[in-house]
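Participant: sequence-free structure coming up:
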């Protein structure tokens, strides 16, 4: 066990990429210990990605990339300005609301930071906000990406923990709302402290238009339910509902109705049993192509090809990490390291609330050093047996783990959102880190609330019948 963990830590300290560090330390352990034939390395790595739910990963990544080039990002920004730009510290609120909407399409914090972050930081700087405040609010709001469905970390966790990915998606809705409100409260605090005004004049027509867009999106599932209740087949009700929605949007040319519909279609489809997570991801890609090629006509074959190649590159990176983490996690189990760590944690406490506090500290620490996908793949086999033994719902724990790892993305030495925003804002990593520090307060408050109020996560999946 010491050879496996020690080799991994030494390679990480030498600056070796995390996936290569895990694969190399695993191979070294196999060769030295002789615990299993060396061919097992390749077999277990291949087995780590032989999973149908993992097919959702490239499709969700592709959907996010296609949405970026479909011109949806600018429309989301325009919609958010109309909705909350008139408030004090307006563009800070716009930043957060934009991330909430974009989260329903991209599923990753990095895509949010890189996609909307470029527009938001430039706009905030142009309106006189400091670069540090602009970067801080953008970093914090980017953590909403994997909490508000769809979510790539939820797909990986659901596969590893063998729990419903649809239930995890629904479980992220209320925590996402809580995080949004806490971040907006933080912007309000800074606005009053610095005596900031609004960034756009208050306008009833603009606010009414934005409110109408939300009402139309919320009316869609209600209309489907009423038509089915009246005796219409579900498929026919959906076709009529979508037809009416498209006609309304085409006539009025709303800013964000079509983007807002993405999570409604995906979550609704999975809740009703129409989609598996993978099929939902394919539906997201089809929706993105429809918006870019038909509705907005902003895509060309060249831009679609670029989005596809970007997806291949990102997917290869993610799946390589999954394969390396799979053999590493398997060896942790075979060498009894996972069991020893589990026994050690249980020797400290059998109280589930104390365990959750310890787990938060552990996952936060790991998230500062290891990629999200690798961390989930390694930690789930270690912590899930304890979670089940203490009677903690694995869906609840999935939200806790994901939020911890999202906070880790904002920290040095390996926080990817930190580095993306440092590049976008042309700030040093040190100044970017300092800019993010105040925003850890609402994130930590959200983490404590989600950890110790399980119903924030579990009420909606239970209500929709996806969890007991």
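Facilitator: Structure received. Since the model is a prediction, treat every value here as computed from it, not as a measurement.
Participant: which stretches of this protein have low pLDDT?
Facilitator: Within the chain, the stretches with pLDDT under 70 are 1, 104-112, 114-116, 271-272, 338, 413-414.
Participant: so which residue is dead centre in it?
Facilitator: The structure's the chain has its C-alpha centroid closest to residue 146; by Cα atoms, centre = their mean the separation is 1.0 Å.
Participant: so residue 460 touches residue 176, yeah?
Facilitator: No: the criterion here is Cβ atoms under 8 Å, and residue 460 misses it with residue 176 at 10.8 Å. C-betas here are computed from N, CA, C, even on glycine.
Participant: quick one, which of these two is more surrounded?
Facilitator: Legend: neighbour count by other Cβ atoms under 10 Å for residue 460 and residue 176, higher for residue 176 (25 against 21).
Participant: list the contacts for the more buried one?
Facilitator: By Cβ atoms under 8 Å, 6 or more residues apart in numbering, the residues touching residue 176 are 100, 103, 144, 147-148.
Participant: check residue 136 too.
Facilitator: Counting by Cβ under 8 Å, 6+ apart, residue 136 has contacts 435-439.
Participant: just checking, next helix/strand downstream of the helix or strand it falls within?
Facilitator: Applying DSSP states H and E as the criterion places residue 136 in helix 131-142. Per DSSP H and E, the first helix or strand lying C-terminal to helix 131-142 is helix 152-161.
Participant: against which helices or strands is that next one packed?
Facilitator: Applying 3 or more Cβ pairs under 8 Å, 6 or more residues apart in numbering; DSSP states H and E, we find helix 152-161 packed against helix 56-69, helix 165-171, helix 372-389, helix 394-408.
Participant: now render those as CSV, adding distance to residue 94.
Facilitator: Below are the helices and strands packed on helix 152-161 laid out as CSV (distance: least, Cβ to Cβ, whole Å):
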stretch, distance to residue 94
helix 56-69, 18
helix 165-171, 25
helix 372-389, 27
helix 394-408, 21
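Participant: quick check: residue 277 touching residue 283?
Facilitator: No: the criterion here is Cβ under 8 Å, and residue 277 misses it with residue 283 at 10.5 Å.
Participant: thought residue 459 was touching residue 467, still the case?
Facilitator: No: the pair residue 467 / residue 459 is not scored as a contact, 9.4 Å apart, by Cβ under 8 Å.
Participant: what's the neighbour count on residue 174?
Facilitator: The burial count for residue 174: 18, using other Cβ under 10 Å.
Participant: show me what contacts the closest residue in space to it that isn't next to it in sequence?
Facilitator: Excluding its sequence neighbours, the residue lying closest to residue 174 (Cβ to Cβ, 6 or more residues apart in numbering) is residue 456, at 5.1 Å. Residue 456 sits next to 174-175, 178, 449-450 when contact means Cβ under 8 Å, 6+ apart.
Participant: same thing but 10 Å
Facilitator: Contact partners of residue 456, counting by Cβ atoms under 10 Å, 6 or more residues apart in numbering, are 171, 173-175, 177-178, 396, 399, 446, 449-450.
Participant: hang on, the earlier thing: export the contacts of residue 176 to CSV and tack on neighbour count?
Facilitator: Shown next, in CSV, are the contacts of residue 176 (neighbours: other Cβ atoms under 10 Å):
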residue, neighbour count
100, 23
103, 30
144, 26
147, 27
148, 25
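Participant: I'm done for today, thanks for sticking with me.
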